[in-house]
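>>> sequence first, then the predicted structure:
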Amino acid sequence: MDDNLLTPDAIRLDEQASTREDAVRRCGAVLVEIGAVDPAYVTTMLDRERSISTYVGEGVAIPHGTSGGRTAIRRDALAVLRFPAGVDWGGDRVTVCVAIAAQGDGHVDLLAELAEILLDPDRARALREADHPEQVRRLLSGAAVDLQTREEPAA
């Protein structure tokens, strides 16, 4: 996995949020903190969430911006935030968010791939119970490599 795609400082395992919107804002703030996106990207993440839920099941959501937010992306990146107390996500309980910033069209395929990985009950449980950033990086390394490969321009 490209070490810059999911850096240890982009993994936060003890977050709190009172609402889904707060959780998305927190995910966006981490992407801003690590220098992957401009603050404007967070607004597009909220817009996406208002138009369609990013909940994928097994207590996991995948917040990401709208296509219009791509101009606010400085580099492709993932951020993983765990909310141990859970967040009400439109009637579902989310404990893990995998936030995505991707400049190209590969993010659509990545979303499908991440959903497939995270819907595996064993891997989803491992992600929910991870207590160290390196555990999270290992669990998601295939999806991150997939993002890097899909984003390379065709020759």
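Here it is on my side, so go on. Numbering: from 1, shown residues only.
>>> just give me how far the longest strand belonging to the chain sits from the chain centre.
Counting residues, the longest strand found in the chain (DSSP state E) is strand 77-89. Mean-position distance between strand 77-89 and its chain equals 9 Å (Cα atoms, centre = their mean, to the nearest Å).
>>> swap in stretch 73-80?
9 Å.
>>> rewinding a little: give me the helices and strands touching the longest strand of the chain, please.
Counting by 3 or more Cβ pairs under 8 Å, 6 or more residues apart in numbering; DSSP states H and E, the packing neighbours recorded for strand 77-89 are strand 11-12, helix 20-33, strand 92-101, helix 133-151. Where C-beta positions appear, they are placed from N, C-alpha and C, glycine not excepted.
>>> mind doing that once more with 10 Å?
Judged by 3 or more Cβ pairs under 10 Å, 6 or more residues apart in numbering; DSSP states H and E, strand 77-89 is in contact with strand 11-12, helix 20-33, strand 60-61, strand 92-101, helix 121-129, helix 133-151.
>>> what lines up beside the third one in the sheet?
If I follow you right, that is strand 60-61. strand 55-57 (antiparallel), strand 92-101 (parallel) (DSSP bridges).
>>> any idea of the mean pLDDT in the shortest one?
Taken as a whole, strand 55-57 has a mean pLDDT of 87.
>>> now stretch 17-25
98.
>>> equivalent analysis for stretch 30-40, please.
97.
>>> quick one on the thing from earlier: among the helices and strands packed on strand 77-89, which is the most enclosed?
Sort these by mean neighbour count, taking mean count of other Cβ atoms under 10 Å, and strand 60-61 sits at the top with a mean of 26.
>>> what sits up against it?
If you take Cβ atoms under 10 Å, 6 or more residues apart in numbering as the criterion, strand 60-61 is touched by 20, 23-24, 27, 49, 53-55, 80-81, 83, 87, 89-90, 92, 94-99, 114-115, 117-119, 124, 127-128.
>>> make it 7 Å
54, 55, 89, 94, 96, 97, 98, 118, 124 (Cβ atoms under 7 Å, 6 or more residues apart in numbering).
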